[in-house]
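Novice: One predicted model, sequence on top.
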Amino acid sequence: SQQGEEDPQALSIQEGENATMNCSYKTSINNLQWYRQNSGRGLVHLILIRSNEREKHSGRLRVTLDTSKKSSSLLITASRAADTASYFCATDAVLTQGGSEKLVFGKGTKLTVNP
Amino acid sequence: KAGVTQTPRYLIKTRGQQVTLSCSPISGHRSVSWYQQTPGQGLQFLFEYFSETQRNKGNFPGRFSGRQFSNSRSEMNVSTLELGDSALYLCASRRNGWWDTQYFGPGTRLTVL
C-alpha cells in the first residue's frame, strides 16, 4: 500500500544548524503534509504542499515537492532545542473517482537538537 | 478557535473489556478521522466520518467501530480489548475533504492489561 517513508530515521544536530528530512512515497498524491509530534503527544500540522506546487515556506520551514521522483524534503533552518521532536510526512491517495480521504503516514524522523 | 479535543486523555483497561473514546472537532469541521499509533506499526488510519456517515475505513477488525453525531462530535469504540490494542488513539478533523488541512487532537493513551 502507498506509504510515505522518511529518511533518515533519526537525526542529531547542534542548535543553530539546519536539519533536512526526506520523504518518499509510491503513488500519485493530491497533497503532502508534514507534521511534528513531541514525545507521545498529538500531531502538530506544519505545512501542506499540493501536488502542483514545488516549494513552500513557513517561517523557518521550507518544504519541496518533486512529484516526478515522488519525494519531498523538509528543511528546518537555524534549529532550536525546542525543535526536538518526531517529524512525519503524510500523503493522501488519488482515488480513481477523484479526491482522497485518508492520510498515510511514514514512520517518521526523530530529530534531536542539542543545545 | 479551540482545537480538536479528545477525552479521556489516558485510559487503562483489561483484556476483554470495551472502551469508548470521544473526539470534538474544531468548530465548523465536518470530517473526523481516527488513527492508531503504536511503536511497531506507526500511524494507521482507522476510519473517517463525514456528516454522520462513515466515508472511509482502514484495515482494522470489526471490533473497532465509530460514529459521528449531528454536531460532528465523534466516538470510537473498541470491544473485546486485546493487549495489542494498547496505543495512542488520535482524532483529526478537517472542514470538508482532501483539499483541507487535517488537524489532530492530543490523543488518548489506551493501555490494555
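Specialist: The structure has been received and is ready for your questions.
Novice: and B:N71, how many residues sit next to it?
Specialist: As a burial measure, the neighbour count of B:N71 was computed by other C-beta atoms under 10 Å in any protein chain shown and equals 10. C-beta coordinates here come from the backbone N, C-alpha and C atoms, glycine included.
Novice: measure it to chain A for me?
Specialist: According to C-beta to the nearest C-beta, to the nearest Å, B:N71 and chain A sit 21 Å apart.
Novice: Check B:A87 too.
Specialist: B:A87 sits 11 Å away from chain A, going by C-beta to the nearest C-beta.
Novice: ok, B:T108 - contacts?
Specialist: If you count contacts by C-beta atoms under 8 Å, 6 or more residues apart in numbering or on different chains, B:T108 has them with B:6-11, B:21, B:88-89.
Novice: Tell me the one among those nearest to A:G40.
Specialist: The shortest distance between A:G40 and any of the contacts of B:T108, using C-beta to C-beta, involves B:L88 and amounts to 6.6 Å.
Novice: I am assuming the closest one contacts A:L43, so please confirm or correct that.
Specialist: No. Using C-beta atoms under 8 Å, B:L88 makes no contact with A:L43, being 10.1 Å away.
Novice: Can you tell me the SS state at residue 17?
Specialist: Going with chain A. Under the three-state scheme (DSSP: H, G, I helix; E, B strand; the rest coil), A:E17 adopts coil.
Novice: What is the burial count for it?
Specialist: Considering only other C-beta under 10 Å, A:E17 is surrounded by 12 other residues.
Novice: Repeat that for the one 5 residues further on.
Specialist: Taking other C-beta under 10 Å as the neighbour definition, A:N22 ends up with a count of 17.
Novice: just B:Y49 next, same as before
Specialist: Neighbouring residues of B:Y49 were enumerated by other C-beta under 10 Å; the total is 26.
Novice: cool, and B:R9?
Specialist: Counted with other C-beta under 10 Å, residues neighbouring B:R9 total 11.
Novice: For the most centrally placed residue in chain B, list the residues it contacts.
Specialist: The central residue of chain B, meaning the one whose C-alpha is nearest the mean C-alpha position (C-alpha atoms, centre = their mean), is B:W34 at 3.2 Å. The neighbourhood of B:W34, defined by C-beta under 8 Å, 6+ apart, consists of B:23, B:45-48, B:66, B:74, B:76, B:89-92.
Novice: Include distance to chain A when you put those residues into a markdown table, please.
Specialist: Formatted as a markdown table, the entries for those read as follows, by distance: C-beta to the nearest C-beta, whole Å:
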| residue | distance to chain A |
| --- | --- |
| B:C23 | 11 |
| B:F45 | 4 |
| B:L46 | 9 |
| B:F47 | 9 |
| B:E48 | 6 |
| B:G66 | 14 |
| B:S74 | 15 |
| B:M76 | 15 |
| B:Y89 | 11 |
| B:L90 | 6 |
| B:C91 | 9 |
| B:A92 | 8 |
